[in-house]
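In: just coords:
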């Protein structure tokens, strides 16, 4: 048995206004790490007066700093304090942490060995897809991550971007995200269909509405499939008005909005096709989640989501609305092909679990502690 590893693990993402995939990833990985016999995880977060939303509560004990999030993030970046090992205790006390894992986003201050996860560098590809404040924060966090002993990322696409940004090849490892099977009661899917008037096949999209999600082209594609509803699940993000973008579809679009995790998975199980033609993703967790429900996937060629589906999904040029429509139509009109692709996706998803991600992450921890 190896010496135990006690990780201080950032879980602040769970309290973000729009938690998104980074919070889902933090929760999934933290939970799987605690299942390992030689790893202990303690969450680190800012001061909060409310609980996390959308059922994304951290699955580990959490130590809260005295500062609210904006002040804590700024202090970590500008002053290198408060150090994680001293949060919530008298200065100089030792909680016995082995290392700190910045699991996505901000990088906590610490003198302990540091592992940082960077999901994507999308703001560098297309600055207009982020706010000015967002770009400033992302650049600050990227700079702070340079002091990490090791960096993990979820895709080869992100690793390529990190190497271009100056990180050393032996400093960066790809650890794909996971999506464990989630059982869904058939009555839950039937209830969703009934409530939203879905008495036939429909196409599902899941995510935070923002420019890089490429919703306008998906809408253009769905205009070419007029008898099939498009269901959109997820919270509003920035600089994208879902109702305005989907206006050309009229009642063909069903805007569901924000839902909890259980309802999200019921939508995956209910859908006939999942379409996510994003322009850029660090990984594309909704694609993997949909595959886990044997829902056939149409996504973007040449991106991280193409890495996720491999040959178990259809990939198309995300800038070509006709190609998106052709792929979706092919699945809707050929149930046997759709079922085959869905099963291939389910089998592929079964190999990309949080347990696998946790095992690879723990190996990085041990590598860092051994040097």
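Out: Okay, I see it. These figures come from a predicted structure and were not determined experimentally.
In: tell me how this structure divides into domains.
Out: 5-178+353-370, 186-349 (automatic domain parsing).
In: ok now the first one, how far from the chain's centre?
Out: Centroid separation for domain 5-178+353-370 versus its chain: 13 Å, with Cα atoms, centre = their mean, to the nearest Å.
In: ditto for the last one
Out: Relative to its chain's centre, domain 186-349 lies at 16 Å (Cα atoms, centre = their mean).
In: picking up where we left off before, I'd like the domains of the chain as JSON lines, with mean pLDDT and mean neighbour count appended.
Out: The C-beta positions use only the backbone N, C-alpha and C, and glycine is treated the same way. Formatted as JSON lines, the domains of the chain follow (pLDDT from 0 to 100; neighbours: other Cβ atoms under 10 Å):
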{"stretch": "domain 5-178+353-370", "mean pLDDT": "93", "mean neighbour count": "18"}
{"stretch": "domain 186-349", "mean pLDDT": "96", "mean neighbour count": "19"}
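In: residue 95 and residue 110 touch, don't they?
Out: No: contact between residue 95 and residue 110 fails when scored by Cβ atoms under 8 Å: they sit 11.3 Å apart.
In: what is in contact with these two at once?
Out: 8, 85 (Cβ atoms under 8 Å, 6 or more residues apart in numbering).
In: so where do the helices sit in the stretch 151-300 of the chain?
Out: Here the stretch 151-300 of the chain has its helices, by DSSP state H, counting those that start in this stretch, at 156-164, 186-195, 215-223, 242-246, 261-270, 285-292.
In: can you put these in JSON lines and add distance to residue 9?
Out: What follows is those, written out as JSON lines (distance: least, Cβ to Cβ, whole Å):
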{"stretch": "helix 156-164", "distance to residue 9": "20"}
{"stretch": "helix 186-195", "distance to residue 9": "31"}
{"stretch": "helix 215-223", "distance to residue 9": "33"}
{"stretch": "helix 242-246", "distance to residue 9": "33"}
{"stretch": "helix 261-270", "distance to residue 9": "19"}
{"stretch": "helix 285-292", "distance to residue 9": "18"}
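In: gap between the residue nearest to residue 46 when sequence neighbours are not counted and residue 150?
Out: Excluding the flanking residues, the one nearest residue 46 by Cβ to Cβ, 6 or more residues apart in numbering is residue 69, at 4.1 Å. For residue 69, the distance to residue 150 equals 25 Å [Cβ to Cβ, to the nearest Å].
In: what does residue 46 give?
Out: Distance, residue 46 to residue 150, by Cβ to Cβ: 25 Å.
In: mind checking how far the closest residue to residue 154 other than its chain neighbours is from residue 322?
Out: In this structure, residue 154 finds its nearest non-sequential neighbour in residue 283, 3.8 Å apart by Cβ to Cβ, 6+ apart. Using Cβ to Cβ, we find residue 283 at a distance of 27 Å from residue 322.
In: rewinding a little: wait, the residue nearest to residue 46 touches residue 12, no?
Out: Yes: under the criterion of Cβ under 8 Å, residue 69 makes contact with residue 12 at 6.3 Å.
In: common neighbours of those two, please.
Out: residue 46.
In: rewinding a little: quick check: the residue nearest to residue 154 touching residue 21?
Out: Yes: contact criterion Cβ under 8 Å: residue 283 and residue 21 qualify, at 7.3 Å.
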